[in-house]
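Trainee: would you be able to build a 3D model of this:
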Amino acid sequence: MRQEISTGSAPEALGPYSQAVRAGQFLFLSGQVPIDPATGELVQGGTGPQTHQVLKNITAVLSAANISLDHVVRTTVFLLDMNDFTEMNDVYKKYFNSPAPARAAVQVARLPKDARVEIDATALFE
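Mentor: Prediction:
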């Protein structure tokens, strides 16, 4: 059985998808881009500030499911430019306790709203 998880504390979906879907013991979060849910605007300032906003948005969706970043087991990071990997990583590592989730990071041609970073996640209910 699938259950939609959503919150007004994270940006609304930009298309026909859910912010997250619970399936059994797993929560699958759609990719979050650095949109400030209070303004609906893309956060400016480059990859660092955008990564902070993305992880705040992920945290809000997890909170709506009554779990936290400690439940995340896998992420995928989409970067507009792989040269921004270190800047993204410097922010990312501040959000996750050890052991950090498994992760992939890839460079893409373009992201929604011309963001510099997008991150999706999978979490496990314990």
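
Trainee: list the buried residues of stretch 3-12.
Mentor: Within stretch 3-12, the residues scored as buried using 16 or more other Cβ atoms under 10 Å are I5, T7, A10, P11. C-beta here means a position set from N, CA and C on the backbone, and glycine is covered the same way.

Trainee: which one of those residues sits closest to R74?
Mentor: I5 (16.8 Å; Cβ to Cβ).

Trainee: is the residue nearest to the closest one when sequence neighbours are not counted in a bridge, and if so with what?
Mentor: The spatial neighbour of I5 that comes closest, neighbours along the chain excluded (Cβ to Cβ, 6 or more residues apart in numbering), is A20 at 4.1 Å. Listed beta-bridge partners, A20: I5, L29 (assigned using DSSP bridges).

Trainee: how distant is the strand or helix carrying E87 from the center of its chain?
Mentor: Assigned by DSSP states H and E, E87 falls within helix 85-92. Relative to the centre of its chain, helix 85-92 is centred 14 Å away, using Cα atoms, centre = their mean, to the nearest Å.

Trainee: what's that helix packed up against?
Mentor: For helix 85-92, the elements it packs on are helix 47-64, strand 72-79, judged by 3 or more Cβ pairs under 8 Å, 6 or more residues apart in numbering; DSSP states H and E.
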